[in-house]
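> The sequence and its predicted three-dimensional model are supplied below.
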Amino acid sequence: MSPDLQRLITLQQLESTIADAKAAVMLHPQRLAALDARLDEAKQALDSAKDLLKKNHDARRDLEKDVAVYQGRLTKFKDQLSSVKTNREYQAMQHEIATAQSDLGSVEEKVLERMVEADELTAVAKRTEAALSSQSKEIEAERKTLTGDLVSIETSLARATDARVALVKDMEPRLVALFEQVARVRKGVAICGATRDGLCSLCHVRLRPSVFQQVRQNDAIIQCDSCQRVLYWVPPPAPVDPPVVHAS
Ligand SMILES: [Zn+2]
């Protein structure tokens, strides 16, 4: 292969490495933010589970105050019962007692409902807390991985950038200019292979037979008529000889 063609291929590899690395570096803050969002979500789930539990406790405390009020009322009525003088007063007092007892019963029932609900809410809060703890560990591990990845991406970016500078210094300026001009309009890819059946492997346009013939020589800078990318030829792998089987 001609050294110019080889350098263009190497330049393309370096450019692609640099572009991928830059894209990954750009994405890094977004990836960290996604981890933060996941952690926030788990924390919020715990906050709202605790909030429900607190509301349940408050409601139960209020109901228990009502229980005390109804119980006091009942005690008072029962005390008064001994001092009534007429049958009518007695019946009226019995009616008051029955009403207070029924009110007390329904409030006590509500207290029980809150207690059952509290058990469920406590279980939910515990599960949410466990989920938060395992999420925190997972997220911390992912954060470390991301940070490690970023270091290696930045290292490979720096290496590829240095290598590119060195390579470009060795190249003819018109070749670098050609590369950059095509790369600019072709999403960063300025050189590609020709397929075995004579197509440009990226724009898939069929090469003229004489062009294909030239490309297969790999000794000149030949551009695809359609996409302008520089073309090269990767010879098909040599057929592998079938393994020799020795008769035993
Ligand atoms: Zn093409």
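Yep, it's here. The shown structure was predicted, so the numbers you read here are calculated from the model rather than taken from an experiment.

> Contact partners for the spatially closest residue to Asn56 that is not a sequence neighbour?
The spatial neighbour of Asn56 that comes closest, neighbours along the chain excluded (CB to CB, 6 or more residues apart in numbering), is Ala118 at 5.1 Å. For every residue, glycine as well, the C-beta is placed using N, CA and C. Residues in contact with Ala118, defined by CB atoms under 8 Å, 6 or more residues apart in numbering, are 53, 56-57, 60.

> tell me the secondary structure for Ala118?
helix (DSSP: H, G, I helix; E, B strand; the rest coil).

> now swap in Tyr232 and tell me
strand.

> And for the one 3 residues further on?
Here Pro235 is coil, with the state taken from three-state DSSP.

> and it, how many neighbours?
Pro235 has 8 neighbouring residues, counting by other CB atoms under 10 Å.

> what do you get for Ala190?
23.

> now it: how far from Asp225?
15 Å (CB to CB, to the nearest Å).

> What parts of the chain come near the ion?
200, 203, 224, 226-227 (CB under 5 Å from the ion).

> Please name the bridge partners of Arg206.
Arg206 has these beta-bridge partners by DSSP bridges: Leu199.

> wait, isn't it in contact with Ala194?
No: counting by CB atoms under 8 Å, Ala194 is not a contact partner of Arg206; they are 10.1 Å apart.

> Between those two, which has more neighbouring residues?
Ala194 (21 against 14).

> For that one, what are phi and psi?
When read as degrees, to the nearest 10, the backbone of Ala194 gives phi -100, psi 140.

> Do you know the pLDDT at it?
Note on Ala194: pLDDT of 97.
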